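[1] sequence first, predicted model second:
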Amino acid sequence: MSDGLIIVVSGPGGVGKSTIVEALVQRDPRLWLSRSWTTRDRRPGESSDAYRFVTREEFQRRIDDGGFLEWTEFIGNLYGTPSPEPPSGSDIVLEIEVDGAQQVKRHHPQALLIFVLPPTREEQRSRLVGRGDADTKVHERLRKAEEEEPVGRALADHVIVNDNLDATIAEMLALISDERARRRR
Ligand code: 5GP
């Protein structure tokens with residue numbers, strides 16, 4: 001594993017995390033985005049490299065081999081970060097839910113944890129519906145979001161309300177740059 005920063009972006013589903021992390025890695029070439037494994041099915045229209053989509057058996061084998069930095073079960077599916085192998089000199093970006101963020105913080109207390117919140121539950125709901133999640137899934141994810149919020153807030157180094165995508169990205173890039181400067185001191 002690199003000795004660069006580990007930046008954990010966490011927050012409830014439908015808050016725009018994937019869009020945010022994609023923009024971050026595009027804007028800052030030193031950032032390297034980890035690709036997670038999941039046992040959930042691909043959503044209609046979802047890119048085939050959004051995740052490494054695997055069976056439970058494949059996932060379990062990797063757990064047994066000790067091949068995950070962290071993993072968890074989230075609403076009936078397994079999600080995990082494979083032990084990262086970023087190019088040297090890179091900082092790692094993880095886009096994961098709160099339980100995984102806790103695991104990373106436990107093993108890497110110096111990780112920078114940014115927790116992103118939606119401006120309103122209604123906004124979050126319409127984003128979840130918009131990406132094609134079934135009604136029951138939307139409901140479950142909103143319930144899960146309420147459960148995650150206090151834990152995420154308590155764990156986070158920074159909490160950002162994503163009411164403007166450009167502003168959120170700019171704020172995160174600034175936080176990352178401050179953190180790099182702080183580590184150099
Ligand atoms: P989704 O099914 O919406 O893609 O993801 C569900 C949740 O799992 C999101 O909060 C997402 O950030 C999180 N997630 C994605 N990859 C990982 C991972 O590798 N580990 C953990 N712990 N959570 C992940």
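    Yep, that arrived.
[2] quick one: R127 and G16 touch, right?
    Yes - counting by CB atoms under 8 Å, R127 touches G16, with 6.9 Å between them. C-beta: built from backbone N, CA, C; applies to glycine.
[3] mutual contacts of those two, please.
    Residues within reach of R127 and of G16 at once, by CB atoms under 8 Å, 6 or more residues apart in numbering, are P118.
[4] show residues contacting stretch 51-65.
    For stretch 51-65, the surrounding residues in contact (CB under 8 Å, 6+ apart) are 35-42, 68, 71, 78, 80, 82.
[5] can you pull the phi/psi pair for whatever residue of the chain ends up closest to the ligand?
    Nearest to the ligand in the chain, going by CB to the nearest ligand atom, is G100, at a distance of 2.3 Å. Taking degrees, to the nearest 10, you get phi -60, psi -40 for the backbone angles of G100.
[6] what residues are up against it?
    Neighbouring residues of G100 by CB under 8 Å, 6+ apart: S10, E70, W71, T72, Y79, G80, T81, L94.
[7] could you do G11 as well?
    The neighbourhood of G11, defined by CB under 8 Å, 6+ apart, consists of K17, F115, V116, L117, P118, E148, G152, N162.
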